[in-house]
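> Fold the following, please.
(one chain, ligands or ions: 1)
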Amino acid sequence: MTRAIYPGSFDPVTFGHLDIIERSTKIADELIVAVLTNSAKKSLFSIDERVKMLSDLLSGHDNIRVESFGGLLVDFAKENDASFIVRGLRAVTDFEYELQISQMNRTIYSEIDTIFLTTSLEYAYLSSSIVKEVASYGGDISHFVPESIIDMIYDKLRKQRI
Ligand code: ADP
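Residues are numbered from 1 along each chain as shown. Presented below is the predicted three-dimensional model:
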């Protein structure tokens, strides 16, 4: 049985992430979506909110688990007996950083491999930051994120401004 980890900030989750998740489950028998707790980036949603958002959206899939993690990704991979890490590649700009991280991970834990899925064309431009940017100006984000989380995003941004 192959178990994969898809790590990220998911602040918030977008259709781009969900596309990678969907495609990963065709490669791995089991997928752990791992939400980063120790990101250097300041997040809009708390870790619990991000885990809940993803868990609700993915609740229909028996082979997907959503968890939070801090510390080294390779330690989390070891603890969970995962054989590979999944990352999405949108553009060349993602590549250099991703290559460096994957090589570093393999150096400290030789059992782990990283596989890269290229983004589906319709989501190539999409990022969590773009969603927050558009939403902060009251723009329509229905092309970027599932309907169930749209109001949460607007509410959160509104509260942040108060
Ligand atoms: P991180 O902060 O770790 O980059 P993100 O939540 O921004 O976390 O992204 C998690 C993963 O999903 C990364 O591998 C990223 O490249 C990928 N990803 C993000 N948006 C898209 C998208 N639109 N299409 C494909 N992959 C994406």
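> can you give me the helices in this protein?
Secondary structure of the chain (DSSP state H): helices located at 15-24, 47-57, 73-79, 92-108, 128-136, 147-161.
> Between these, which one is closest to the ligand.
With Cβ to the nearest ligand atom as the criterion, the ligand lies closest to helix 15-24 of the helices of the chain, at 2.1 Å. To be clear about C-beta, it is placed using only N, CA and C from the backbone, and glycine gets the same treatment.
> for the spatially closest residue to residue 76 that is not a sequence neighbour, which residues make a bridge with it?
Counting by Cβ to Cβ, 6 or more residues apart in numbering, residue 76 lies nearest to residue 69, which is 4.5 Å off, once chain neighbours are set aside. Judged by DSSP bridges, the bridge partners of residue 69 are residue 36.
> who touches residue 69 in this structure?
Applying Cβ atoms under 8 Å, 6 or more residues apart in numbering to residue 69 gives the contacts 7, 34, 35, 36, 37, 76.
> can you list the residues of this protein near the ligand?
Residues of the chain lying near the ligand by Cβ under 6 Å from any ligand atom: 8-10, 14, 16-17, 20, 87-88, 90, 94, 119, 123, 126-128.
> With respect to residue 107, which of those residues is nearest?
Checking the residues of the chain next to the ligand against residue 107 by Cβ to Cβ gives residue 87 as the nearest, at 16.6 Å.
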